[in-house]
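Visitor: take a look and give me a structure for this.
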Amino acid sequence: MVKTEKSTSYMMDVVRRFKKHKLAMISLCVLAIEILLVIFLPIAMHLDPYTTDYSTYFGAPPSAQHWLGTDDVGRDSFARFISGGQVSLSVGIISAIISLVIGVPLGLIAGYYRGWIETVIMRLSDVFMSFPSMVLILVLVSVLGPSITTVTVVIGILGWPRFARTIYGNVLSVRECEYVEAARAVGTRDGAIMTQYILPKSFAPVLIAFTFRAAQAIITESALSFLGMGVQAPQASWGNILYEAQSISVLATRPWLWVPPGIALLVTILCINFLGDGIRDALDTKMVI
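Guide: Numbers count the residues shown, from 1 in each chain. Down below sits the predicted model:
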């Protein structure tokens, strides 16, 4: 009962400190609005990012019918912008989840058991981190074929070492605590000790790493799509919308094609980073906000 009350009190303190972080709260609201818009706007407005509108000329400027004009094949640019937001955000979040699901158990096992298991897992993470990530991702995507699924899975798999190392360092200190030694002494199984005693005390930094990893994944997907190795047309992402606007004529005369996805990427990355800062400061009991 006392333990539950302490946990509840701690979580309330975390929430209170987070609410006082103005940038984090603003960022949370902006991200929530972004997610709601990319999910519900296509349904509410019947947006179609794939169909060519033959009633207007290709590359048309913004109008009442097409808020951001049309692209070079007559597709509605606003519909593609919103659809691209769905793809970019989903790639960032899902790939970060994949990295977390792989990295956290491996880091937990390496920190708890030590010995040869620790050596194998940590050296494997060194191998993954020693390769230039963008070059390795480009190679894997080119071999497997560029698609939303491929990009998401490859970015997710290559991102696990950060989570593994984050939780590994915390497990090394937590595993020596008295309550863990007491659990071992009464015969508690290793799996229960790791999940019930060690993981909850070590997981806070993982939440922070998750936000930054999601932001990094969105940047990576956008870079891949801009290079033509990410999400492929006719599917849209903010990255491949920017890719379609590479020519000088488009940059100079049709800013409505590339400014919205560029601003959306900038705002999204900044908001995710500010959210991560807020979570970090809220979980740090030494911080005074």
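Visitor: shaky segments in the protein?
Guide: Confidence mapping of the chain against pLDDT under 70 gives the ranges 1-10, 284-289.
Visitor: helices of that one, start to end?
Guide: Here the chain has its helices, by DSSP state H, at 2-19, 22-45, 77-113, 115-130, 133-144, 148-158, 160-174, 178-185, 190-192, 199-202, 204-226, 238-243, 248-253, 255-283.
Visitor: how close does the residue nearest the centre of the chain get to residue 208?
Guide: Central residue check for the chain by CA atoms, centre = their mean: the C-alpha nearest the mean position is that of residue 214, 1.5 Å away. Distance of residue 214 to residue 208, given as CB to CB, to the nearest Å: 11 Å. Bear in mind the C-beta positions are built from the backbone N, C-alpha and C, glycine included.
Visitor: give me every residue that touches the closest residue to residue 205 other than its chain neighbours.
Guide: Using CB to CB, 6 or more residues apart in numbering and skipping residues adjacent in sequence, the residue nearest residue 205 is residue 166, 5.1 Å away. When contacts are counted by CB atoms under 8 Å, 6 or more residues apart in numbering, residue 166 is found next to 103, 107, 205-206, 209.
Visitor: and of those residues, the nearest to residue 199?
Guide: The shortest separation between residue 199 and any of the contacts of residue 166 is 9.2 Å, and it belongs to residue 206 (by CB to CB).
Visitor: and for the closest one, the neighbour number?
Guide: Residues lying near residue 206 (other CB atoms under 10 Å) number 19.
Visitor: was I right to think it contacts residue 163?
Guide: Yes. The criterion here is CB atoms under 8 Å, and residue 206 meets it with residue 163 at 6.1 Å.
Visitor: what sits in contact with each of those two?
Guide: Shared between the contact lists of residue 206 and residue 163 (criterion: CB under 8 Å, 6+ apart) are residues 100, 104.
Visitor: what is the burial count for residue 78?
Guide: Close neighbours of residue 78, defined as other CB under 10 Å, add up to 19.
Visitor: wait, isn't it in contact with residue 67?
Guide: Yes. Judged on CB under 8 Å, residue 78 makes contact with residue 67 at a distance of 4.3 Å.
Visitor: next, work out how far apart residue 95 and residue 227 are.
Guide: According to CB to CB, residue 95 stands 17 Å off from residue 227.
Visitor: which of these two has more neighbours?
Guide: Remark: of residue 95 and residue 227, residue 95 carries more neighbours, 26 against 15, as counted by other CB under 10 Å.
Visitor: and that one, what does it touch?
Guide: Taking CB under 8 Å, 6+ apart, we find residue 95 in contact with 151-153, 155-156, 159, 213-214, 217, 221.
Visitor: circling back to that earlier point, let me see the contact set for the residue nearest to the centre of the chain.
Guide: Taking CB under 8 Å, 6+ apart as the test, what residue 214 contacts is 92-93, 95-96, 272.
Visitor: check these and tell me the two furthest apart.
Guide: Within those, 95 and 272 form the most distant pair, 13.2 Å apart (CB to CB).
Visitor: residues touching residue 23, list them.
Guide: Taking CB under 8 Å, 6+ apart as the contact definition, residue 23 lies against 274, 277-278.
Visitor: CSV please, covering these and showing neighbour count and distance to residue 233.
Guide: Shown next, in CSV, are the contacts of residue 23 (neighbours: other CB atoms under 10 Å; distance: CB to CB, whole Å):
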residue, neighbour count, distance to residue 233
274, 21, 32
277, 17, 36
278, 25, 37
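Visitor: not counting sequence-adjacent ones, nearest residue to residue 270?
Guide: residue 27 (7.4 Å).
Visitor: does that neighbour touch residue 271 like I think?
Guide: Yes. Between residue 27 and residue 271 there is a contact under CB under 8 Å: 3.7 Å.
Visitor: any idea how far residue 163 is from the residue nearest to residue 109 when sequence neighbours are not counted?
Guide: In space, and not counting its chain neighbours, residue 109 is closest to residue 117: 6.1 Å by CB to CB, 6+ apart. As judged by CB to CB, residue 117 and residue 163 stand 17 Å apart.
Visitor: between those two, which one's more packed in?
Guide: It is residue 163, of residue 117 and residue 163, that has more neighbours when counted by other CB under 10 Å, with 25 against 14.
Visitor: ok, the more buried one touching residue 97?
Guide: No. With contacts counted by CB under 8 Å, residue 163 stays clear of residue 97, the gap being 10.5 Å.
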